[in-house]
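**Student:** turn this into a structure:
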Amino acid sequence: MKLKMNNIKEPSNLFDIYSLAKENEQIEELIVSNDFRLEKIVSFGHPSPDGFWYEQERDEWALLIKGSASLEFSGGMEEILSEGDYFIIPHHVKHRVKRVSYDAIWLTLHYDGKINNL
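**Tutor:** Down below sits the predicted model:
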């Protein structure tokens, strides 16, 4: 189906990963505003590089849509994730992807401030 209005984007599919380069994790910004950024991440089995830690300026809500992964937090805590698991990482909390399956697909929402129902 082709949409005819100029301000409506054609539909996309979150599970369409076949056109992506697989030698690196791929991040696609789906929606970006001043208040938040929604991303689709396809990991292709690539964990965070050794010694690398994310420490972000915004809170992050993450949903593992497909695959499996483990996240490591500074201080040694590790969370094992499977399809459908979601979580919130507060801003400035150091974390990294320790292990991730080849088929892992994430949705991440980076936002400022408190979300009332989470």
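**Student:** which ones are touching Asp103?
**Tutor:** With contacts defined as C-beta atoms under 8 Å, 6 or more residues apart in numbering, the neighbours of Asp103 are 66-67. Any C-beta I mention is one placed from the backbone N, CA and C, and that applies to glycine too.
**Student:** what's stretch 15-35 in contact with?
**Tutor:** Identification of contacts with stretch 15-35 by C-beta under 8 Å, 6+ apart yields 37-44, 46, 66, 105, 111-113.
**Student:** list buried residues within the residues you listed.
**Tutor:** Buried members of the contacts of stretch 15-35, scored by 16 or more other C-beta atoms under 10 Å, are 37-44, 46, 66, 105, 111.
**Student:** from the contacts of stretch 15-35, which is closest to Pro11?
**Tutor:** Set against Pro11, the nearest of the contacts of stretch 15-35 by C-beta to C-beta is Lys40 (13.9 Å).
**Student:** now stretch 48-58, how far from the chain's geometric center?
**Tutor:** In this view, stretch 48-58 has its centroid 13 Å away from the chain centroid, taken as C-alpha atoms, centre = their mean, to the nearest Å.
**Student:** repeat for stretch 64-80
**Tutor:** When C-alpha coordinates are averaged (C-alpha atoms, centre = their mean), stretch 64-80 and its chain have centres 12 Å apart.
**Student:** give me the residues contacting that stretch.
**Tutor:** By C-beta under 8 Å, 6+ apart, the list of residues contacting stretch 64-80 reads 14-15, 43, 53, 81-87, 93-107.
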